[in-house]
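Asker: Requesting a structural model of the entry that follows:
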Amino acid sequence: MGCPALAHVNVSHCVKLTDLSLRAVADGCIRLGLLDISGCPRMSDIGLRYLSVHCRDLHTLGLRSTILISDGLSLGRENAQGLAALSHGCKRLQHLDLTKCIRVDDAACKQIGRGFHDLRTLILFGCSSVSSPGVRDVSRQCHKLTLLDLSHCRLVDDAALVAMGGSDGGMPLLQSLRLRECEKVTTAGIQQLCKGCIYIRTLDLAGCHRLDDMALLAICDHLTELQHLWLAGLHSITIIGVSWLADRCINLMELDVTNSAISYMALKPLRAAWKYGDLREHGKVRGIVPKYRAMDMMFLDHYGTCWKAAIRIQCLYRAKVARRDAARRREQALVHWAASKMQSVFRGRQARQYAAVQRMLRRRQHDAATRIQVGLSYEYNPYPIRIQDLMIQPSFSSSPSFQASYRAHVARTLAERLRKQRDRDRYVRMVIRVQAAWRRKKARDVFNSKRLLKQAWEARRQMAAAVLQRAFRAYGWRNRNSLFSTALKAKKAEQQAAANKLQTLYRGRAARLEAQQKRQALKLFERKKEHAAMCLQRVIRRRRENRLHQRRLDEDAAARSAATKIQRRFRRRQDMLSYQLMKIGREFQLRTDAALRLQAAWRRKQ
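Answerer: Predicted coordinates:
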């Protein structure tokens, strides 16, 4: 039945295991995720074929020093074994270790690139048959690769590096690359590699004798996040290239310049540029080594940089939001001002139209009153009295009586006319007084309406001014408050960051002190425990030795007694056997003598 839930199996250096054992593992552990069969020389391509059939979820496979592993195409593609079968069955493989698998060549690399598209780690250390075409096939398909080890692959040249750094695919996520003892690699290949793989943090170029300072310049221009660099055995590099590294690659914490033209005294002025490493020289080893907890220091610095960047982004975003709010408020104020202006223009136009209508009404009323007055004047005095009429002198008179009658008639007519004229004049005066009173009333009404309109307009203007002043004061207060709150928030954030940093440092120190105290207490407890165990073991051993000694004494005594008994019985038996042998000898001698006598008697008889 096997163990179907088993996910991790490590049988490395079990030299007696064969393909049959690998078949049993594949049949029983169908959920296997990690398998390490490093150092098992009896396992071959057949075992990998069994794995490809059953273990579909395999993500990590260690085949270090498994010398029988190959591409598995010797029997044809229909009967594929080895890496070819594995590439068809285990599509989820992410980590593959083929260290010192001497049968792995370019065909095997082609199978790896064809089947393992999710591969993250590939180690080809010591695979001397691997060359640039195989690496090119891997780089065309395995774009998610982050670690590639080509150490001691002496056939790899610049074509492989060009494929890894090419723009048509390559390995853009590569973080660790080892090219130790790849003697065909030159500066041109490193330049092409650095252009496409900018995230490399670990680079091993030890033993690549064709590299010079221009390769270091390409590394400085593109690999600014580099942390580990091995340049051992490079005699063409100078201190100028290393100074370029010190200027650009400030995160470098490990630099090996053993057996190169770079001396210890030349590195001394540059060691201050790498704050995560210390300059060391021990025997023939020379270079920069990581400080204690260098990764933690780098993480803290990176976290602080991210924190500052986040604060800067927040400040820029808040400034943008503030500018957007200010623009919105300005737009609102402009809209309000435009609305107020349009309202004032519209109200002025309405007021002018109302004033024109009032003037037209007053003109009509004045014209009507004038027409009425003219009509009344013609109605009550069609013939106006002139002063000359009062001085009429009769020029013709035939008789005094007739003249007297005529004069009396004229006097009566004149008196009647004068009376009517007085009545008409009084009526006209009364009409004029009424008109004047009416006009005064209308003028007062118009004046009061204008005064009320002006008061209402002044009130609206005062209210609008108050609204504008209130809005402007609120805007100014908000600006001042925003600046003050921004400054206060920035100050509080700075204080909080400082407090957090102090708290982090204090807690870290307290945690370290507590951990040190716990370690010391644990060491003391372990020491006491060890002392007690030693005492107890001493007592137990002494008691056991005493018991064993007594048992040995008893056994010796019993053995001595038993030996004595055995020897006594053995000697008794020996004595008895000797006596019996003596008796048998005597009987044999007697028989022999008797036979001799019989023979002699027989012979005599004959």
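
Asker: correct me, but Gln373 touches Val428?
Answerer: Yes. If you go by C-beta atoms under 8 Å, Gln373 and Val428 touch, sitting 6.9 Å apart. All C-beta spots, glycine's among them, are computed from the backbone N, C-alpha and C.

Asker: Show me where this structure dips below the pLDDT cut-off.
Answerer: Scanning the chain with the threshold set as pLDDT under 70 gives 1-2, 374-402.

Asker: Mind listing what's buried along the helix or strand hosting Ala26?
Answerer: Using DSSP states H and E, Ala26 sits within helix 19-28. For helix 19-28, burial by neighbour count (16 or more other C-beta atoms under 10 Å) applies to Asp19, Ser21, Leu22, Arg23, Val25, Ala26.

Asker: Likewise for stretch 296-308?
Answerer: By neighbour count with 16+ other C-beta under 10 Å, stretch 296-308 contains the buried residues Met298.

Asker: would you list every one of the helices in the stretch 51-200 of the chain?
Answerer: 82-89, 106-115, 132-141, 158-164, 187-196 (DSSP state H, counting those that start in this stretch).

Asker: which strands and helices sit next to the fourth one?
Answerer: Where contact means 3 or more C-beta pairs under 8 Å, 6 or more residues apart in numbering; DSSP states H and E, helix 158-164 is packed against helix 132-141, helix 187-196.

Asker: now the ones you listed as a markdown table including distance to His59?
Answerer: Listed next are the helices and strands packed on helix 158-164 as a markdown table, based on distance: least, C-beta to C-beta, whole Å:
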| stretch | distance to His59 |
| --- | --- |
| helix 132-141 | 17 |
| helix 187-196 | 27 |
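
Asker: Packing partners of the lengthiest helix in the chain?
Answerer: Ordering each helix of the chain by length in residues (DSSP state H) puts helix 400-605 first. The elements that helix 400-605 packs onto, with contact taken as 3+ C-beta pairs under 8 Å, 6+ apart, are helix 294-380.

Asker: Of the helices and strands packed on helix 158-164, which is nearest Thr592?
Answerer: Taking C-beta to C-beta, helix 132-141 is the member of those nearest to Thr592, at 97.1 Å.

Asker: quick one: contacts of the closest one?
Answerer: 105-110, 112-114, 116-117, 122, 145, 148, 150, 155-160, 163-164, 166, 169-171 (C-beta atoms under 8 Å, 6 or more residues apart in numbering).

Asker: quick check: angle from it to helix 106-115?
Answerer: Per axes from the mean of the first three to the mean of the last three C-alpha atoms, to 10 degrees, the angle that helix 132-141 makes with helix 106-115 is 0 degrees.

Asker: now helix 132-141 against helix 187-196, angle please.
Answerer: 10 degrees.

Asker: export helix 132-141 as CSV, just CAs?
Answerer: What follows is helix 132-141, C-alpha atoms only, in CSV (Å, rounded to 0.1, in the frame of the first residue of the first chain):
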residue,chain,number,x,y,z
SER,A,132,26.3,26.9,-24.9
PRO,A,133,23.5,25.3,-27.1
GLY,A,134,22.2,23.5,-24.0
VAL,A,135,22.1,26.6,-21.9
ARG,A,136,20.5,28.4,-24.8
ASP,A,137,17.7,25.8,-24.9
VAL,A,138,17.1,26.2,-21.2
SER,A,139,17.1,30.1,-21.4
ARG,A,140,14.5,30.0,-24.2
GLN,A,141,11.9,28.1,-22.1
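
Asker: Figure out how far it is from the centre of its chain.
Answerer: 30 Å (C-alpha atoms, centre = their mean, to the nearest Å).

Asker: List the buried residues in that helix.
Answerer: Quick answer for helix 132-141 (16+ other C-beta under 10 Å): Ser132, Pro133, Gly134, Val135, Arg136, Asp137, Val138, Ser139, Arg140, Gln141.

Asker: Out of those, which comes closest to Ser44?
Answerer: Gly134 (20.6 Å).

Asker: so how far is Asp118 from the closest one?
Answerer: Computed as C-beta to C-beta, to the nearest Å, the Gly134 to Asp118 distance reads 19 Å.

Asker: Can you tell me the SS state at Leu35?
Answerer: strand (DSSP: H, G, I helix; E, B strand; the rest coil).

Asker: which residues does it form a beta bridge with?
Answerer: According to DSSP bridges, the residues that bridge with Leu35 are Val9, Leu61.

Asker: Give me the distance between it and Leu150.
Answerer: 23 Å.

Asker: So between those two, which is more surrounded?
Answerer: When Leu35 and Leu150 are compared for neighbours, Leu150 comes out ahead with 28 against 23, by other C-beta atoms under 10 Å.

Asker: Would you quantify the distance from that one to Val11?
Answerer: With C-beta to C-beta as the criterion, Leu150 and Val11 are 27 Å apart.

Asker: same deal with Ala464?
Answerer: From Ala464 to Val11 the distance is 90 Å (C-beta to C-beta).
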